[in-house]
Each structure stands twice: as C-alpha cells, then as structure tokens.
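A.B. asks: sequence and predicted structure below; questions after.
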Amino acid sequence: MVEPLPSRAERLARARNIWIATVRPDGRPHLVPVWFVWTGDKLYACISPRSVKGRNLTANPNVALALEDGTRPVICEGRARLVDRPWPAEVVRLFEEKYDWQIAGDATYSALVEVTPRKWLAW
C-alpha cells in the first residue's frame with residue numbers, strides 16, 4: 001500500500017527552512033533561506049531589519065518563498081508585512097517549539113515578518 005503524500009500544510013509545519021526571495025530597489029532579486037513557522041494560513045519569519053531582505057521588504061512587500069525540496073516543490077507568492085509588538089503568542093510559541101528559539105528576546109533578529117499567500121504552486 002502506498003502512503004498518501006503529506007499535505008501542503010503538513011509540509012510547511014515540518015520543514016526547517018524556506019527560501020525567501022525579495023526585490024532590491026533596483027529590481028534585482030535577493031534569495032536567502034530563513035527559519036519560519038506556518039500558522040493560521042500565514043508564514044512568519046524573524047529577520048534583522050537592517051539585513052538586505054529587511055530593507056527590501058520595507059521598500060517592496062512582494063515576496064516568493066519555496067521549500068527546499070526541489071523534487072516536490074511548494075512555492076508561495078505573497079505579500080509581507082512587519083508585525084508590531086507584542087507579537088502573536090502562538091507565533092512565539094511555535095518558534096520556541098520548532099527551533100528552541102525565544103524570538104521575542106533576540107536582539108539581532110528583531111523584526112517579525114508575516115507573509116500572506118496570494119498564490120500557491122506545487123507539483
């Protein structure tokens with residue numbers, strides 16, 4: 001018997017890293033892996049606000065994200081926004097459970113990004 005493939009939500013919940021593509025002011029793409037959590041149909045990542053991706057998101061909130069698995073891709077096109085503090089308790093808890101990371105006290109990765117998906121691609 002063949003076991004069913006995990007759903008997109010299951011894969012997003014289990015994956016350790018996701019690649020995020022942002023757009024520089026001159027139109028060039030910037031692509032890096034980040035830790036993330038998935039909850040309530042949104043993706044969340046903690047970033048340094050002074051990083052390239054942080055500066056890019058301030059100027060242009062459009063992003064693309066992809067799980068690392070190139071055999072069975074899961075790709076998201078969406079819109080990002082910085083979340084004001086206090087951060088949602090559920091998101092803080094999920095980062096603690098998944099990565100053993102207290103995001104609320106991290107001085108370097110002090111910006112929480114929420115991505116609202118617009119389009120999903122998977123095969």
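C.D. replies: Arrived safely.
A.B. asks: ok, residues contacting stretch 5-13?
C.D. replies: With CB atoms under 8 Å, 6 or more residues apart in numbering as the test, stretch 5-13 has contacts from Arg14, Ile18, Trp38, Leu43, Leu67, Asp69, Arg72, Val74, Trp120, Ala122. Using the backbone N, CA and C atoms, a C-beta is placed for each residue, glycine as well.
A.B. asks: again, 6 Å this time
C.D. replies: Stretch 5-13 is contacted by residues Trp38, Val74 when judged by CB atoms under 6 Å, 6 or more residues apart in numbering.
A.B. asks: so how far is that stretch off the chain centroid?
C.D. replies: Centre-to-centre, stretch 5-13 and its host chain are 15 Å apart (CA atoms, centre = their mean, to the nearest Å).
A.B. asks: in that stretch, which residues are buried?
C.D. replies: Arg11, Leu12 (16 or more other CB atoms under 10 Å).
A.B. asks: what about it, average pLDDT?
C.D. replies: The average pLDDT for stretch 5-13 rounds to 89.
A.B. asks: output that stretch as CSV - backbone C-alpha positions only.
C.D. replies: Output of stretch 5-13 as CSV, limited to C-alpha atoms (Å, rounded to 0.1, in the frame of the first residue of the first chain):
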residue,chain,number,x,y,z
LEU,A,5,1.8,12.3,0.4
PRO,A,6,1.8,14.9,3.2
SER,A,7,-0.4,17.9,2.6
ARG,A,8,1.0,21.4,1.9
ALA,A,9,0.1,22.5,5.5
GLU,A,10,1.9,19.4,6.9
ARG,A,11,5.0,20.0,4.9
LEU,A,12,5.0,23.7,5.9
ALA,A,13,4.7,22.8,9.5
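A.B. asks: please consider this matter closed, and thank you.
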